[in-house]
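> got a sequence here, can you build the structure:
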Amino acid sequence: PTASTRAVSGRLRGAASGKEARRRGVVRSAGRRRFGVEARGMTSYQTPDSKKEEFRKYLEKSGVIDALTKVLVGLYEEPERPPNAVDYVKRYMGAPTGIDVEALRQENEALRKEREELRSTINELNARLTEDAKPDED
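Now for the predicted structure:
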């Protein structure tokens, strides 16, 4: 790993487990005890710090931290800063850019409604056909 990779990676990993975070965690847990917020007698109680640590381990195990590190290092090593860093990250991660997600959701909802209307029309027409196909019982 390059020096910039180690620096970015260290910041990402150290965000939840550094000395400062531990110090703040001690202060926070002491504050919870002082105000009686801490659960007593519950074995499944997780402190916010343990939840953060569990989530950090999950991100590391699933490769998210490494992927983000690579993206940030790539952005850092770009000779010219891209005008939109978010689009750069999306492109680097393989997400399509320039797509209006909200418009796609609205179109999807409209198409679902149209499909339901067409299904009900088909059911209605099938019912009429079976009604007309019945022999007259006189």
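> give me the next element, helix or strand, following the helix-or-strand element of the chain with minimal mean pLDDT.
Within the chain, no helix or strand scores below helix 19-34, which has a mean of 45 by mean pLDDT, DSSP states H and E. Next helix or strand after helix 19-34 toward the C-terminus (DSSP states H and E): helix 48-61.
> and that following helix, which residues are buried?
49, 52-53, 56, 59 (16 or more other Cβ atoms under 10 Å). Yep, even glycine has a C-beta here, placed from its N, CA and C like the rest.
> go on, stretch 80-90?
88-90.
> let's have these in TSV, adding secondary structure and distance to residue 82.
Below are these laid out as TSV (DSSP: H, G, I helix; E, B strand; the rest coil; distance: Cβ to Cβ, whole Å):
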residue	secondary structure	distance to residue 82
88	helix	4
89	helix	9
90	helix	11
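> mind putting those residues in TSV, distance to residue 69 and pLDDT included?
Formatted as TSV, the buried residues of stretch 80-90 follow (distance: Cβ to Cβ, whole Å; pLDDT from 0 to 100):
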residue	distance to residue 69	pLDDT
88	15	89
89	12	89
90	17	85
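> residue 80: which of those is nearest?
residue 88 (11.1 Å; Cβ to Cβ).
> which ones are touching the closest one?
Neighbour list for residue 88: 75, 78, 82 [criterion: Cβ atoms under 8 Å, 6 or more residues apart in numbering].
> let's see 6 Å
75, 82 (Cβ atoms under 6 Å, 6 or more residues apart in numbering).
> what residue ranges in the protein score low on pLDDT?
For the chain, residues meeting the criterion pLDDT under 70 lie at 1-44, 97, 136-138.
> and residue 99, how far from residue 87?
Using Cβ to Cβ, to the nearest Å, we find residue 99 at a distance of 11 Å from residue 87.
> next: residue 62.
Going from residue 62 to residue 87 by Cβ to Cβ gives 24 Å.
> what's the answer for residue 115, then?
From residue 115 to residue 87 the distance is 33 Å (Cβ to Cβ).
> got it, and residue 111?
28 Å.
> residue 82 in helix, strand or coil?
Under DSSP: H, G, I helix; E, B strand; the rest coil, the three-state class of residue 82 is coil.
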